[in-house]
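Novice: structure, please.
(chains A and B)
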Protein chains: 2
Amino acid sequence: MAATMKDIARRTGLGLATISSYFNGGNVREKNRIKIEEAIEELHYEVNEVARGLKTNATKTIGVVIPELNNTFCAEIITGMEDVLRSHGYATIVCDCRTDKKLEREAIEFLIRRRVDGVINMPVDEEGNHLKKFQKTGKPIVLIDRKIQGISCDSVLVDNEKAAEDAVRQFIERGHRYIGIIGGPKGIFTAQERMAGYYRALEKAGIPVRESLICHGDYTIQGGVRSLEELVQKNPDMTAVFVTNYEMTMGAMIGVNELGIQIPEQLSVIGFDNLQFARACNPKLTIVSQPTDGIAREVARIMLEHLENGKKESEEFFTEKLQTEIIEGKSVNTLK
Amino acid sequence: MAATMKDIARRTGLGLATISSYFNGGNVREKNRIKIEEAIEELHYEVNEVARGLKTNATKTIGVVIPELNNTFCAEIITGMEDVLRSHGYATIVCDCRTDKKLEREAIEFLIRRRVDGVINMPVDEEGNHLKKFQKTGKPIVLIDRKIQGISCDSVLVDNEKAAEDAVRQFIERGHRYIGIIGGPKGIFTAQERMAGYYRALEKAGIPVRESLICHGDYTIQGGVRSLEELVQKNPDMTAVFVTNYEMTMGAMIGVNELGIQIPEQLSVIGFDNLQFARACNPKLTIVSQPTDGIAREVARIMLEHLENGKKESEEFFTEKLQTEIIEGKSVNTLK
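Specialist: A predicted model of the protein is given here:
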């Protein structure tokens, strides 16, 4: 016969309230905590989290919906968040929606049925229709990397406009005028911000925008290859190109290699994310680096604040904006 | 008031057994399936998966425990498996144990409390102590990429010994004699197999083994950098190096760049996994490519076979061995 919380109370001589508090992550004196853990060990007590979920209406599970698990930026953030959440007793169910709005909506429906306690989402659907039903449950939502008009919730972003402006300004300061950009999909918030930074840098330097230097990729490796080829073909005078996410950066390097273009002599390149990849490139690539660890910790912290301290809905929602940095390689040429 | 299965039965005129069969993934005639789905829509019926889990003792959740989420091989396999499992109504809880036996054991304990229906594991603990308790539940375990003595269960592997032998033979056929290897941790099954392939290729060619050409890395990028530097320093006559996983391959390319070594003139390199990274290298890297999609599909298929067709314990356990291939780049020099 399986041990119950009452058995633990009897064995330890502590009240049921203390035992319950222990299991629900509340404050328990160190002395009592040790007693309870000894009793758990002796009685082979096992928490049935499923049954507990039904009783407390908390499943201690967080749903995470991201566009691509097979994307380094997403994978790094998930790893970091999971560490923090697990150390607080929360499991994560990760759903990869393959950058597909329909799959994203289905993932949220699935998580609603699973009665998750909160949702962390790097949204694909820029209108947020997929989140409206979950929002009615009153449970917390934290968005990563993107904001959605019409969904009131916390979000953790990086300052993407400044990131792009810094990169393009670096080209301009080294004498470049014909600067291409491989941007992201038009509907994506981060892509719009990065594009705005490109425009702002050119504008401040008084350089006119040339449409043929602007290419919208799809944040995939293959999209990066195609975009690089297209920019090179359309702009024989292009001396520099800025690539706005990691996968397209890898794709652009593939394109550069396959076309036999010399970096930085024939083309200067600044990529995005993944310092290790940048170091493995020959020559070493200059990149914009996002604080993935910082994003992961912030997202987890905000979610836990909601779940454990019961942040009220009426309090103001929070938009945290983290800063990027440029890590210098040898892929930017100085023009005379 | 929330709708119940009875309401759906009343609305559709079908028996409760049919409705129940529908929700539990059984066979339901197409005509009836349509009726039920219309009723679900009209009645705003929502399955409470948590409550259902308690009743049927099935949570429709699979636990996945891997050494590193932030490892491309793992991430690709998870993405592929999740696709298949989700299309059959199963959620996955992914636990990243950071290549740490203690965290791995904790992850399995955590999944036992979560009452998962099965565990998919790429094990860190080569003795499998972490799995013994789960095995007593009688629920299925499928291992990826590694086998464990003493744990009877299915496993999906690649033929790692042959993969390594093929790579080293390619060097030998092009005239190399002083061939280094950056292997994995000694206790890891795949690392032992790849090392065995290295020995076998040398032995078949009658080339004596030189200990200083063998380096045991730790399957990380930084470990790859260090190992490459160490091999180069200890073996001034080394003309070729075989790197046995993706992260260390990236690390070796970083080491090569930072030491200013020309590939393939000064050093020939064959790496492991990730065709896109190989294409982004300058010159393009020759690699051993593992069938990650095939592994993912096989693992999911075997797990579903257990869960849905109730594969019996008495049946023989299954070890599937998939083949790798070498994808040619320009990183192997032919010596005169």
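Novice: domains of chain A?
Specialist: A:5-47, A:59-158+A:292-322, A:160-290 (automatic domain parsing).
Novice: lowest-confidence stretch among those domains?
Specialist: Among the domains of chain A, domain A:5-47 carries the lowest mean pLDDT, a mean of 76.
Novice: coming back round to it: closest one to B:Arg146 among the domains of chain A?
Specialist: domain A:59-158+A:292-322 (20.7 Å; C-beta to C-beta). Using the backbone N, CA and C atoms, a C-beta is placed for each residue, glycine as well.
Novice: can you redo the domains of chain A as JSON lines with distance to chain B?
Specialist: What follows is the domains of chain A, written out as JSON lines (distance: least, C-beta to the nearest C-beta, whole Å):
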{"stretch": "domain A:5-47", "distance to chain B": "5"}
{"stretch": "domain A:59-158+A:292-322", "distance to chain B": "5"}
{"stretch": "domain A:160-290", "distance to chain B": "4"}
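Novice: the ones you listed into CSV, with extra columns for mean neighbour count?
Specialist: Formatted as CSV, these follow (neighbours: other C-beta atoms under 10 Å in any protein chain shown):
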stretch, mean neighbour count
domain A:5-47, 15
domain A:59-158+A:292-322, 19
domain A:160-290, 21
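Novice: elements contacting the helix or strand harbouring A:Lys132?
Specialist: Using DSSP states H and E, the element containing A:Lys132 is helix A:129-136. Helices and strands touching helix A:129-136, by 3 or more C-beta pairs under 8 Å, 6 or more residues apart in numbering or on different chains; DSSP states H and E, are helix A:101-113, strand A:118-121, strand A:141-144.
Novice: reformat these as TSV; add distance to A:Val84.
Specialist: TSV is the format used below for the helices and strands packed on helix A:129-136 (distance: least, C-beta to C-beta, whole Å):
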stretch	distance to A:Val84
helix A:101-113	19
strand A:118-121	11
strand A:141-144	12
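Novice: these: which one's closest to B:Gly271?
Specialist: When these are compared by C-beta to C-beta, strand A:141-144 sits nearest B:Gly271, at 31.8 Å.
Novice: same for the closest one, what does it pack against?
Specialist: Packing partners of strand A:141-144 (3+ C-beta pairs under 8 Å, 6+ apart): strand A:118-121, helix A:129-136, strand A:154-158, helix A:292-309.
Novice: and those as CSV, adding distance to B:Thr292?
Specialist: Shown next, in CSV, are the helices and strands packed on strand A:141-144 (distance: least, C-beta to C-beta, whole Å):
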stretch, distance to B:Thr292
strand A:118-121, 26
helix A:129-136, 29
strand A:154-158, 30
helix A:292-309, 23
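Novice: so which of these gets nearest A:Glu316?
Specialist: Per C-beta to C-beta, nearest to A:Glu316 of the helices and strands packed on strand A:141-144: strand A:154-158, 9.6 Å.
Novice: could I get the full set of strands for the stretch 151-300 of chain A?
Specialist: Using DSSP state E, counting those that start in this stretch, the strands found in the stretch 151-300 of chain A span residues A:154-158, A:179-183, A:214-216, A:240-243, A:268-272, A:286-289.
Novice: now do the contacts for the residue nearest to A:Lys284 when sequence neighbours are not counted.
Specialist: The shortest distance from A:Lys284 to any non-neighbouring residue, by C-beta to C-beta, 6 or more residues apart in numbering or on different chains, is to A:Gly329 (3.7 Å). For A:Gly329, the contacting residues are A:Ala278, A:Arg279, A:Cys281, A:Pro283, A:Lys284, A:Leu285, A:Thr286, A:Ile287, by C-beta atoms under 8 Å, 6 or more residues apart in numbering or on different chains.
Novice: list just the nearest of these to A:Thr59.
Specialist: Nearest to A:Thr59 among the contacts of A:Gly329: A:Ile287, at 39.4 Å, using C-beta to C-beta.
Novice: could you say which helix or strand holds the residue nearest to A:Lys284?
Specialist: Following DSSP H and E, there is no helix or strand that holds A:Gly329.
Novice: where does it fall, phi/psi-wise?
Specialist: Phi and psi for A:Gly329, reported as degrees, to the nearest 10, are phi -120, psi -140.
Novice: likewise for A:Cys95?
Specialist: The phi/psi pair for A:Cys95 (degrees, to the nearest 10) reads phi -120, psi 130.
Novice: tell me the contacts of it?
Specialist: A:Gly63, A:Val64, A:Val65, A:Ile66, A:Ala107, A:Phe110, A:Leu111, B:Glu82, B:Arg86.
Novice: now render the residues you listed as JSON lines, adding distance to A:Lys162.
Specialist: Below are those laid out as JSON lines (distance: C-beta to C-beta, whole Å):
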{"residue": "A:Gly63", "distance to A:Lys162": "31"}
{"residue": "A:Val64", "distance to A:Lys162": "27"}
{"residue": "A:Val65", "distance to A:Lys162": "27"}
{"residue": "A:Ile66", "distance to A:Lys162": "24"}
{"residue": "A:Ala107", "distance to A:Lys162": "31"}
{"residue": "A:Phe110", "distance to A:Lys162": "37"}
{"residue": "A:Leu111", "distance to A:Lys162": "33"}
{"residue": "B:Glu82", "distance to A:Lys162": "35"}
{"residue": "B:Arg86", "distance to A:Lys162": "38"}
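Novice: from A:Arg98, how far off is the nearest residue to A:Pro123 once chain neighbours are set aside?
Specialist: Closest residue in space to A:Pro123, ignoring its immediate chain neighbours: A:Arg146 at 5.3 Å, by C-beta to C-beta, 6+ apart. Separation of A:Arg146 from A:Arg98 (C-beta to C-beta, to the nearest Å): 16 Å.
Novice: A:Glu165 too?
Specialist: Counting by C-beta to C-beta, the gap from A:Glu165 to A:Arg98 is 31 Å.
Novice: do A:Leu143 as well
Specialist: Per C-beta to C-beta, A:Leu143 is found 19 Å from A:Arg98.
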